[in-house]
Structures are given as C-alpha cells and as structure tokens.
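[1] Quick one, what's the 3D model for this:
(chains A and B)
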Protein chains: 2
Amino acid sequence: MADADYDALGRKAREAARATARATATQKDAALRAAARALRAATPEILKVNAREVEAAQAAGEAPAFLDRLRLDALRVETMARALEDVAALPDPVGEVLSRWTRPNGLAFERVTVPIGVIAVIYESRPNVTVDAAAIAVKAGNAVILRGGAECFETSQALARLLRRALAGVGLPEDAVQFVETADRAAVGAILGGLGGAVDLVIPRGGRSLVARVRAEARAPTLGHYDGLCHVYLDQGADLQKAVAVTLNSKMRRTGVCGAAETLLIDRARLSELWPPVAAALRAAGCELRGDAAVRALDPAVSSASEEDWHTEYLAPVLSVAAVDGVGGAIAHIARYGAGHTESIVTENAAAARRFLDEVDSAIVLHNASTQFADGGEFGFGAEIGIATGRLHARGPVGVRELVSYKTVVRGNGQIRP
Amino acid sequence: MADADYDALGRKAREAARATARATATQKDAALRAAARALRAATPEILKVNAREVEAAQAAGEAPAFLDRLRLDALRVETMARALEDVAALPDPVGEVLSRWTRPNGLAFERVTVPIGVIAVIYESRPNVTVDAAAIAVKAGNAVILRGGAECFETSQALARLLRRALAGVGLPEDAVQFVETADRAAVGAILGGLGGAVDLVIPRGGRSLVARVRAEARAPTLGHYDGLCHVYLDQGADLQKAVAVTLNSKMRRTGVCGAAETLLIDRARLSELWPPVAAALRAAGCELRGDAAVRALDPAVSSASEEDWHTEYLAPVLSVAAVDGVGGAIAHIARYGAGHTESIVTENAAAARRFLDEVDSAIVLHNASTQFADGGEFGFGAEIGIATGRLHARGPVGVRELVSYKTVVRGNGQIRP
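    Residues are numbered from 1 along each chain as shown, chains lettered A, B, ... in the order given. Now for the predicted structure:
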C-alpha cells in the first residue's frame, strides 16, 4: 500500500468513528446480533477458507501450537458468535455519567463517558481476535482498524467482511471495521506511527517479537501486556488443599497463556510441609521444576534455578520455585522480578492476605484463587482484547468499559470567570 | 549529568514511589501543610532568589509576558501556600473502591485506585508549577521528577528543597520530590526516554517548542495539551446579554491561557442582530477582529480571515469570526478546526444545547458559560497540572484524581479455573 492509501484508511476510520459515536445502543447491539447470525450461517465457507490457511501453514512447517491457534472448527465459530451476542447483551458503556458536581457559582459539572475514537488492533495467528476486537470496539462506539497476521489473513478478512455487512445492514458505516488488506509488513509501521494522527489507540495482541516492535516504534498511545510473569505465593497460613489446587491450576491449566504462573514462592516456615504434595501434583501433571537452594536441599530431584529463571516467562510446563521469608519476602521478590500482571496469595491468614493485596503492585492481585482467572471473560467482561499491564487508562483485562474515554459537560446560565 | 546519574534519578524516584504509595492520608496531608508553613516562613528568601532571576531574564531581553510568568511576589507565594493547603484538604484519591462485583463462582472483585508511580513534569518559566505539581503528585501517592526551565531554575530549586524537607519531616522519603539540578538540555531527552523505564508518565507544561519536542521524542506515556483552539458558538436561541458577556470573557479575560477562545461562530440567522453588540464589546476591550465574508459584509471594519486563521491559536487579543448554519454548522466547523480542548454554546434552546454538548468531541463542553472555566481550580480540583487533550486516561484538567491508576483485587476461597 502507498502512504496515501494508509492516510485514506485513517480518514475513513475517523469518519466512521463519528457515526458510531452517535449510534444508539439498539443500533450497535442489532449489528452485533446480525453479525452473530451471519457468522453461524457462513460457518461452512469460513471453515473452508481457514482449512486452506491451516494447510499452507502446515506445509510451511509451523509448529503444532501455532496451527492450533490458527485453526477454526464449528465449535470455535460458535464461540465467536456467542461472544458477539455476549457483547451485545452488555450495558452500553457510552453516555454513562461517571460523576456529577456543582460549584458555588452555580456551574453544574458532569463527567460522561464517550468513545475513544479510532482503535487499531495488531494481532497474529488467532482469527477470533478479528471478531472479539471488532465487537468490543464497536460496542464502545469506536471504529477499529484490524491488522491480522499473514497466516490468518484470509480467514480474518472473511470474518471482517461479514462484520462490515452487518454494520451496513443496520445503517452504520461499514468502515467502522476496516481490515488492512495487505500482507505488507510496512502496514504495521504505518499503524504504529498513528496513520497521520488518525489512530487514537494501538492494541498489540501477539508474541514477543510483535510486542518488542510495538515497544520500539509506537508513536500512538498503546495498551497491552508486555510480560505475564505471574507468581503464586504459599503463605505460612496456607490451607494445604488450596495450596495444591491453586498452584497446579495456576501453572498447568494452560501453560501458554499470559495468566499462567511462572514462579512459585513458598514461606520458608512451611516449606518442608507444603512442598511434597505440591511437587507431587505438579510432577504428575508433567511440570519441570527448578528450585533455589532451600527447595533443592529438601528435594534433590529439583534442578537448579539460575538468576535468569526468576526473570523468565516460560509459557511452558516449567516452574521456578523459591523459598521466601514470609509475606514480606514474597512482596520483595515480586517487586524485583514481577511484570505487574497477576499474582496470587494462598493463605487463611487475613492480615497476610491484606498486606499482599495492598502492597503487591500488579494489575490483578488474588487471594486463594488461580492466576488463570486473569481473563476478561472470567471478570464478567463478555469479551476482552487483552490484558493491559501499563499504568495509564486501563490496567488488567481490556473490555468495552476500558475502550471509552470521557468528557466534562458544564451547564451554566451565563457565568463568566472573574 | 552522565547517563548513570539519570538512571540513579529514576531508581531513587521508583524507590520513593513505593513508600509514598503506602503513606497514609494523614502523613501526606501533614507534609503538604508543613510545606505551606515553611513556604510562608521562607517568603523573603524565595523572593530574593526570584528577583535575581527576573533581573537576569530582563537583562537578557525577555519579553514582559515572560517576565510576568517568572516573577513571584508575596501574593503569589501565598497563593502557592494556599494551593498546598487546598490539596491537603482534598479526600485521599488512593484506595478508593471504584466498583465491586461478584461472579457466579463466588470470586469477589474490587477495582481499587492506586498511585501511578513515577511522574515527570517538564515545565518552563512558571515557578509555581514546582509546588502545584509536587503537591498533587504526592497527594496521589506518587513520586515526582521536576524539570523546571533554565530561567526559573534557582527559584524552582529553592521551592523543591523546601518541599523535600517537609516530606522528610513527616517520615516520607524526600526523593518523592526530585528537582533535576542541571540546566543541560539533554535532561529533557533523558526524561522523555523514560529514564530506563523508571518514568510511568511525563507531563509537559509549557509553550509550543516544548510541546513539539515532547510530541516528537516521548517514549514514555504523556498527558498534556497540544493546542487550545477554543470556540464559542452563539446559537439562534442565544440570549443577547449572555452572548456578549460569555464571548467577551472567553476571549479577553486572559488571552494567553489555553482556555481562551480563539474563534467565534455565530448562527447566520441571528448574525445581523448579535454581531454589533458583541463586536462593540470586543473592540472596546481592544480585540482585533478577523471575519469571514458574511461578517465583513455586515461590518467592513473587520479584516479578512484566511484559512490559516481558523487553525490559529492566537493567545493574543485577536478573534476570528465565522457565520455558520445553525448548531450543525458549528459542530462541523469545530470538528474540522478544533483541538478537542474546550467549546461553549450560548443558547436558551435546550435541544440545540443538548446536540452541541453531545456531538462536540472536546475534553470540555459548556453551555452558557465562559471557556475560561477550563481550569482545574474552577472545576474544584484544588490544583491542576494542566489540561489533557489526549483521549486516554485523563481528559480535561489533570488533578489528584487523574494521577491515580487502579488495580483489581480478587478474593476467593480456593477457586480454580475449569
């Protein structure tokens, strides 16, 4: 694509955003429900297109995990259709009065939610991001520019066309959803540059190399998560059964997600009691264990964790384990090595729990629950477009409520400022 | 300063931010009140240091407006002390539960405000920014790195030292307020680069060249306002007296502030009636008028506005004036030329007001009130650190409530994810 084409893409999105910002909840929800119906009806065609792409990726020697992310089946298509309906069923996030106040001079203030505007989403091999991202962006009154990975280009394009038709069907501009129809890698650079000021927000959704590129190049504001180095801490006051269940689930339910635990911290005072059952459960599930000196003294079968391990997000069935001195030691370890994503404490001691929840500075902090609940669906958000680990605007799962901004409406009767 | 010194600056700020994040409201407020007392007591020394800097700037041939921004007097020092006390009197913005919900699996969610962390403020010739920025940053549990302009370097440094002593006096780390003690312009580059990841937010406060530099170089997230091209729209339903008063105040109360009106839009249907009294009031106050063809046809003494005028933030006693076709015409003009800062409609027609307030996409929209109310103090925020015109995190005046983020606290009793 030429520079002028990117500028046109941005202009069309801005224009469409003006219309979606004024759309009624009824109109937006009708578009999402129509898209769900159209998606179900188009299942055979979508699967045919997707099968071709999966075959090509297989022929290119892509790994099984990659092929699994890329592959659609009837159930996955139905899940996408449900996501559209779930988002339609959410309350309209636009026009909500966040606060109201009046000043002594009689001016009446209201802080009201408004759409952000134009949101660009850059993603890799999961075609469902096309549908989830478009659904939550449009529900929040925004226009979205989708840049899908080359591997799922045709599947994503087919999904985007279907969404565009659904928008047009209810009288909304189809350019509220634009799919960047070029495999040219320069497209990512153009989007990160902000398409001449037309992009209000960039959301990257993908692996390390995409994230590194976004970090290095983005001129537009971004929301996303950089690392998901999550910790589980088993406190002196931990219930043994909960300790085993929460650790096992946090690490092994799915090892490739950003909410998977990567490091286990155990209070030194209970180490010898807690470790054997926890280790047995992890080993039975096929998890490799790397421990510090205290853990290895107790269990020589554990291999030695290096300094590097405390910094590593394995995204694999590997867990680093350290003994710490109580909740203070856990908080200090997390402050040093954590990524500010999600951490959990297992304890029956209310004071220890309170201290951990207060002092651990992460987007999500849990008490007696698995780190794998770090997910918009589990939060009740209907759909999400990732987890934000930055500190501005949104922190944690990004759903429809996180894709709005606000403005201040001030009503007077002729007030002038002295 | 060497690179290592900048890294140390960032590390010290991060360390201090951990302590201020846990400080109690009582402790933070005591520090701010102590700083107010110390500032009043130090008035003679502060004024002496400032007088030297004003003299040097005068000798260097700086303009009167510049010297006025730089100059302190007893009243201005007292205003700074009051700002410290006003901020101390605000409710603690940290630890507020923004929302609470429970999921069917029994997990209890709370979204709770937390400090942002390390905030860098880059400003120019107003020494009071030192005090205002430090006060609201610390109140919100953050650490602040202050980079004042070379012209007010010594005044700002003296103010910062006083603030640091007040922090230490209540047991808070004095590095919660750090003033960059070098006139080296490379400091701004280091801060915009994020000081090795230590800076969570950069707030520029200054003129066009600073803003342009921030726009071009910032790698850390920023909050600020780029332009303040504010509009007043006199609707067909305008009350004549309010039209005159609001226009005059919006333009002429102070012409150098970002909330000053730069363009006046008048409904064509009332132009011949509204223009003469509005023009008379503006002329009497010394305002130069530049109009479109319709305005000039009515009043040939008005000079001709060029396309450039509609894009221009004069920050001077100059006003561009255009006739528009009703509220729709005003909204279209503002969408095309506005900066998304502040716009006001003058009308007694509720439907026109509603449409303007809904459809004008600016941080602040007013009905029958002066655009010069675009100010944190006028909003009741105690103190502000500028007006944000971006669309993420904060929009409009940035006060203590805008300098917090949030985290999600999840309480369970052993839940694991299926």
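[2] Can you pull the residues of the stretch 201-350 of chain A lying near chain B?
    A:Leu201, A:Pro221, A:Leu223, A:Asp239, A:Gln241, A:Lys242, A:Ala245, A:Val246, A:Leu248, A:Asn249, A:Arg253, A:Ala335 (C-beta under 8 Å from any C-beta of the partner chain). Where C-beta positions appear, they are placed from N, C-alpha and C, glycine not excepted.
[3] how about a cut-off of 10 Å?
    A:201, A:215-216, A:218-223, A:239, A:241-250, A:253-254, A:257, A:259, A:335, A:340, A:342, A:344, A:346, A:348 (C-beta under 10 Å from any C-beta of the partner chain).
[4] Emit the ChimeraX select command for whichever of the residues you listed are buried.
    Those of those that count as buried under 16 or more other C-beta atoms under 10 Å in any protein chain shown are selected in ChimeraX with:
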select /A:201,218,220,221,222,223,239,242,243,244,245,246,247,248,249,250,253,257,259,340,342,344,346
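[5] out of the residues of the stretch 201-350 of chain A next to chain B, which are inside strands?
    A:Leu201, A:Thr342, A:Ser344, A:Val346 (DSSP state E).
[6] Provide a list of residues in contact with the residue nearest to the third one when sequence neighbours are not counted.
    In this case it means A:Ser344. Setting aside the residues directly before and after it, A:Ser344 is nearest to A:Leu366 in space (C-beta to C-beta, 6 or more residues apart in numbering or on different chains), at 4.0 Å. By C-beta atoms under 10 Å, 6 or more residues apart in numbering or on different chains, the contact list for A:Leu366 reads A:230, A:232, A:246, A:250, A:342-346, A:353, A:356-357, A:360, A:372-374, B:107, B:109, B:408-412, B:415.
[7] about what we covered before: can I get the ones in strands among the residues of the stretch 201-350 of chain A next to chain B in a markdown table with pLDDT?
    Output for these, formatted as a markdown table (pLDDT from 0 to 100):
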| residue | pLDDT |
| --- | --- |
| A:Leu201 | 95 |
| A:Thr342 | 97 |
| A:Ser344 | 98 |
| A:Val346 | 98 |
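[8] how about those residues, which pair is most distant?
    Largest separation among those by C-beta to C-beta: A:Leu201 and A:Val346, giving 36.2 Å.
[9] picking up where we left off before, state the next helix or strand along the chain beyond the helix or strand the residue nearest to A:Ser344 falls within.
    Per DSSP states H and E, A:Leu366 falls inside strand A:364-369. Using DSSP H and E, the helix or strand that follows strand A:364-369 in sequence is helix A:376-379.
[10] by contact count, what packs against that next one?
    With contacts defined as 3 or more C-beta pairs under 10 Å, 6 or more residues apart in numbering or on different chains; DSSP states H and E, the packing partners of helix A:376-379 are helix A:128-139, strand A:396-397, strand B:108-115, strand B:404-415.
[11] rerun that using 6 Å as the cut-off
    Contacting helix A:376-379 under the criterion 3 or more C-beta pairs under 6 Å, 6 or more residues apart in numbering or on different chains; DSSP states H and E is no other helix or strand.
[12] What lies in contact with the helix or strand following that helix?
    Downstream of helix A:376-379, the next assigned helix or strand under DSSP H and E is strand A:387-388. With contact meaning C-beta atoms under 6 Å, 6 or more residues apart in numbering or on different chains, strand A:387-388 is reached by A:Leu223, A:His225, A:Cys258, A:Ala394, A:Arg395, A:Pro397, A:Val398.
[13] ok, now with 8 Å
    Strand A:387-388 is contacted from outside by A:223-225, A:228, A:258-259, A:341-342, A:363-364, A:374-376, A:394-398, A:402, using C-beta atoms under 8 Å, 6 or more residues apart in numbering or on different chains.
[14] A:Arg76: which element?
    Per DSSP H and E: helix A:74-89 holds A:Arg76.
[15] repeat for A:Ile145
    Per DSSP H and E: strand A:143-147 holds A:Ile145.
[16] swap in A:Glu262?
    Going by DSSP H and E, A:Glu262 is part of strand A:261-267.
[17] so how far is that strand off the chain centroid?
    23 Å (C-alpha atoms, centre = their mean, to the nearest Å).
[18] before we move on, what about stretch A:266-276?
    So, by C-alpha atoms, centre = their mean, the centroid of stretch A:266-276 is 33 Å from its chain's centroid.
[19] again, but for stretch A:105-120
    25 Å.
[20] Also stretch A:66-84?
    17 Å.
[21] Provide a list of residues in contact with A:Val177.
    A:Ala134, A:Ala137, A:Val138, A:Ala143, A:Val144, A:Leu146, A:Ala160, A:Leu163, A:Arg164, A:Leu167.
[22] Would you point out which residue of the stretch 251-400 of chain A is nearest chain B?
    At 3.2 Å from chain B, A:Ala369 is the closest residue in the stretch 251-400 of chain A, using C-beta to the nearest C-beta.
[23] That residue and B:Arg411, how far apart?
    8 Å (C-beta to C-beta, to the nearest Å).
[24] Identify the contacts common to the two.
    What both A:Ala369 and B:Arg411 touch, as defined by C-beta under 8 Å, 6+ apart, is the set B:Leu107.
[25] who has more neighbours, those two?
    A:Ala369 (28 against 18; other C-beta atoms under 10 Å in any protein chain shown).
[26] Excluding sequence neighbours, find me the nearest residue to the more buried one.
    B:Gly412 (3.2 Å).
[27] and the one you found, how many residues sit next to it?
    21.
[28] if we can go back for a sec, could you dump the ones in strands among the residues of the stretch 201-350 of chain A next to chain B into CSV and include distance to A:Asp3?
    CSV is the format used below for those (distance: C-beta to C-beta, whole Å):
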residue, distance to A:Asp3
A:Leu201, 21
A:Thr342, 40
A:Ser344, 48
A:Val346, 54
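[29] Which single one of those residues is nearest to A:Thr312?
    A:Thr342 (16.2 Å).
[30] That closest one contacts A:Ser370, doesn't it?
    No. Judged on C-beta atoms under 8 Å, A:Thr342 makes no contact with A:Ser370 at a distance of 9.6 Å.
[31] so what's A:Pro111 bridging to?
    That one is not Pro; residue A:111 is Arg. Beta-bridge pairing for A:Arg111 (DSSP bridges): A:Ser99, A:Thr408.
[32] quick one: is the helix or strand where A:Arg14 lies near chain B?
    When elements are assigned from DSSP H and E, A:Arg14 belongs to helix A:3-22. Yes. Where contact is defined by C-beta under 8 Å from any C-beta, part of helix A:3-22 touches chain B, namely A:Arg18, A:Ala21, A:Arg22.
[33] neighbour-wise, which of these leads?
    Highest count within the residues of helix A:3-22 next to chain B by other C-beta under 10 Å belongs to A:Ala21, 20 neighbours.
[34] contacting residues around that one?
    A:Val94, A:Val114, A:Pro115, A:Gly117, A:Gly141, A:Asn142, B:Asp361 are the contacts of A:Ala21 under C-beta under 8 Å, 6+ apart.
[35] Tell me how many other residues crowd A:Glu313.
    17.
[36] That one reaches A:Leu229, doesn't it?
    Yes. Assessed by C-beta under 8 Å, A:Glu313 is found in contact with A:Leu229 at 4.7 Å.
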